[in-house]
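*Asks:* Whatever this is, show me its structure:
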Amino acid sequence: MKTILVPTDFSIAADSAIHYAIKMALFWDASLILYHSFIPFESGFYLLSLSEQENMEAHKKLTDRLTTIKNSIVNKNPNLSVSIHVDQGPEGIKIIDFCKKSKSDLIVMGTKGASGLKEKLIGSFTAEVMTNAPCPVLAIPKKYKFKVPEKITYATNYNKKDKKVLQSLLEFNRLFNAKITILHIDWGNTFFTADEDYEHYKKTIQNHFKDFEFTFNHTVGKDVSKTILEETLLDKTDIIVMNPLKRKGIWNRIFHRSVTKKIAYHIPVPLLSIPNK
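*Replies:* Reported below is the predicted structural model:
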């Protein structure tokens with residue numbers, strides 16, 4: 001049985017992710033783990049025993065809150081396996097550690113998207129988890145409702161490890177059988193892909209995955225994040241997929257720089273990151 005890890009901070013965005021994860025779990029016949037991590041109380045002005053008591057009280061309150069959510073889910077979905085876990089420590093680090101320990105197959109978490117001139121395309125915390133997680137991470141926009149994906153777009157810079165990522169994507173897509181488009185964007189005149197390189201990449205993918213027919217979209221844009229959103233909206237994409245490369249490249253250009261346009265761009269659909277591990 002697959003396991004879906006769902007971090008929550010009890011926000012509206014996190015609630016959207018929980019609702020989406022429930023639908024995914026039912027599709028996958030997977031179990032859910034509701035997760036929350038908090039920073040323990042530490043103070044030199046109080047006795048250690050007092051801090052421990054405060055931490056125990058905080059742990060109990062958070063456990064009770066997760067239990068309430070769990071019971072609500074199970075009451076509506078009695079055949080769904082749901083567990084909870086409360087951790088102590090920096091959430092970004094603890095989520096990754098617990099993901100490895102629980103051998104989770106997918107992390108589903110919420111994201112609010114950009115909301116101002118200098119906001120990032122998605123929250124920096126979500127991007128951090130996506131970059132470091134050992135498994136795929138699915139970021140769900142605030143108030144987004146689950147729908148069976150019919151079209152999926154994989155945005156790539158034609159990386160040599162794309163075959164591994166696409167293999168994982170096909171496994172993810174096995175129950176949905178959605179159409180998959182491979183999208184590449186040349187950054188104006190700065191980074192330009194020669195036609196022969198594009199044809200070579202296309203032929204390599206087609207020869208490797210003979211049982212699945214991908215669609216290819218090779219276009220040009222000065223602003224990569226904007227062009228990805230424009231192309232996926234035009235194509236009515238249901239899920240955008242990327243590989244979180246830990247180096248300078250398309251991922252950093254989109255997720256680790258400020259949006260300086262007058263209008264910040266929001267992610268309108270779920271975003272799936274697939275590591276090439």
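
*Asks:* Bridged to V6, which residues?
*Replies:* Beta bridges link V6 to L34, judged by DSSP bridges.

*Asks:* And for L183?
*Replies:* A155, N217.

*Asks:* Walking through the stretch 151-277 of the chain, point out its strands one by one.
*Replies:* 151-155, 179-186, 215-220, 239-242, 271-273 (DSSP state E, counting those that start in this stretch).

*Asks:* Of these, give the one that comes closest to L66.
*Replies:* For L66, the closest of the strands of the stretch 151-277 of the chain is strand 271-273, at 24.9 Å, according to Cβ to Cβ. (C-beta placed from N, C-alpha, C; glycine too.)

*Asks:* what about T181, distance to P149?
*Replies:* Using Cβ to Cβ, to the nearest Å, we find T181 at a distance of 12 Å from P149.

*Asks:* How far does the helix or strand harbouring T67 sit from its chain's centre?
*Replies:* Following DSSP states H and E, one finds T67 within helix 48-76. Averaging C-alpha positions (Cα atoms, centre = their mean, to the nearest Å) puts helix 48-76 26 Å from its chain's average.

*Asks:* what's the spacing between A127 and D97?
*Replies:* A127 is 18 Å from D97, by Cβ to Cβ.

*Asks:* residues contacting A17?
*Replies:* Residues near A17 by Cβ atoms under 8 Å, 6 or more residues apart in numbering: V6, P7, T8, V108, M109, G110, A139, I140.

*Asks:* With pLDDT added, can I get these in TSV?
*Replies:* Below are the contacts of A17 laid out as TSV (pLDDT from 0 to 100):
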residue	pLDDT
V6	97
P7	94
T8	93
V108	96
M109	92
G110	88
A139	90
I140	91
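
*Asks:* Strands - which of the residues you listed land there?
*Replies:* If you go by DSSP state E, those have V6, P7, V108, M109, G110, A139, I140 in strands.

*Asks:* Which one of the residues you listed is nearest to N159?
*Replies:* Checking the ones in strands among the contacts of A17 one by one against N159 (Cβ to Cβ), the nearest turns out to be A139, at 20.3 Å.

*Asks:* Surely that closest one touches V269?
*Replies:* No: using Cβ atoms under 8 Å, A139 makes no contact with V269, being 9.9 Å away.

*Asks:* Which one's more surrounded, the two?
*Replies:* Between A139 and V269, A139 has the larger neighbour count (other Cβ atoms under 10 Å), namely 26 against 22.

*Asks:* bridging residues for that one?
*Replies:* Legend: beta-bridge partners of A139 under DSSP bridges are M109, L271.

*Asks:* how close does it sit to C99?
*Replies:* From A139 to C99 the distance is 15 Å (Cβ to Cβ).

*Asks:* How about I228?
*Replies:* For I228, the distance to C99 - Cβ to Cβ - is 26 Å.

*Asks:* just T227 next, same as before
*Replies:* 32 Å.

*Asks:* Give me the more crowded residue out of the two.
*Replies:* C99 (24 against 18).

*Asks:* what sits against the more buried one?
*Replies:* So C99 contacts L5, I107, A133, P134, C135 (Cβ under 8 Å, 6+ apart).

*Asks:* correct me, but the first one touches S104?
*Replies:* By that I understand L5. Yes: the criterion here is Cβ under 8 Å, and L5 meets it with S104 at 4.0 Å.

*Asks:* Okay, buried residues for stretch 25-37 please.
*Replies:* When burial is assessed from 16 or more other Cβ atoms under 10 Å, stretch 25-37 yields the following buried residues: A25, W28, A30, S31, L32, I33, L34, Y35, H36, S37.

*Asks:* now, which of those sits nearest N243?
*Replies:* Distances from N243 to the buried residues of stretch 25-37, taken by Cβ to Cβ, are shortest for W28, at 21.6 Å.

*Asks:* From what I see, that closest one and A21 are in contact.
*Replies:* No: the pair W28 / A21 is not scored as a contact, 10.1 Å apart, by Cβ under 8 Å.

*Asks:* follow-up on the earlier one: show me which pair in the contacts of A17 is furthest apart.
*Replies:* T8 and A139 (13.6 Å).

*Asks:* Quickly list what's touching both of those two.
*Replies:* With Cβ under 8 Å, 6+ apart, T8 and A139 have common neighbours A17, G110.
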